[in-house]
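Peer 1: below are the sequence and a predicted model; questions follow.
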Amino acid sequence: MAYVYILRCADGSYYTGCTTKPIEGRVAEHNVGIVDGYTKLRRPVALVWHLELGHVRDAVERERQIKGWSRRKKEALIAGDMERLKQAAKRKQV
């Protein structure tokens, strides 16, 4: 089992990651600063979206996909608004 997740950072930015650890524990690691990198200077963070997948390779693939998305598209995903997500995808292609 693996997870892909999006965190909202204290500065309002989003961080996308993946893990095989329990999601609550991984978020806690980000918040205490165990995870070096982007979130360490932007704490506290809050989990705003996650997806459980059966294989690590699927989580890594989905993480890479989401990291390439616009903020608008990520916010549509977080909100669960599939229509807005589709519209955001179309706008990028134009």
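Peer 2: Yep, it's here. These figures come from a predicted structure and were not determined experimentally.

Peer 1: from residue 64, how far out is residue 87?
Peer 2: 22 Å (Cβ to Cβ, to the nearest Å). Using the backbone N, CA and C atoms, a C-beta is placed for each residue, glycine as well.

Peer 1: tell me what the least confident helix or strand in the chain by mean pLDDT is packed against?
Peer 2: Least confident helix or strand of the chain, by mean pLDDT, DSSP states H and E, is helix 82-93 with a mean of 79. Where contact means 3 or more Cβ pairs under 8 Å, 6 or more residues apart in numbering; DSSP states H and E, helix 82-93 is packed against helix 71-79.

Peer 1: what ranges does this structure have for its helices?
Peer 2: 23-32, 56-67, 71-79, 82-93 (DSSP state H).

Peer 1: tell me the buried residues in the least confident helix or strand of the chain?
Peer 2: 85, 88 (16 or more other Cβ atoms under 10 Å).

Peer 1: quick one: that helix to chain centroid distance?
Peer 2: 18 Å (Cα atoms, centre = their mean, to the nearest Å).

Peer 1: now residue 87. Nearest residue, chain neighbours left out?
Peer 2: residue 76 (7.8 Å; Cβ to Cβ, 6 or more residues apart in numbering).

Peer 1: now do the one you found against residue 88, distance only.
Peer 2: Taken as Cβ to Cβ, the span from residue 76 to residue 88 is 5 Å.

Peer 1: try residue 48
Peer 2: 16 Å.

Peer 1: again with residue 6
Peer 2: Distance from residue 6 to residue 88, by Cβ to Cβ: 15 Å.

Peer 1: please apply the same query to residue 11.
Peer 2: Distance from residue 11 to residue 88, by Cβ to Cβ: 22 Å.

Peer 1: quick check: beta-bridge partners of residue 2?
Peer 2: Taking DSSP bridges as the rule, residue 2 bridges to residue 53.
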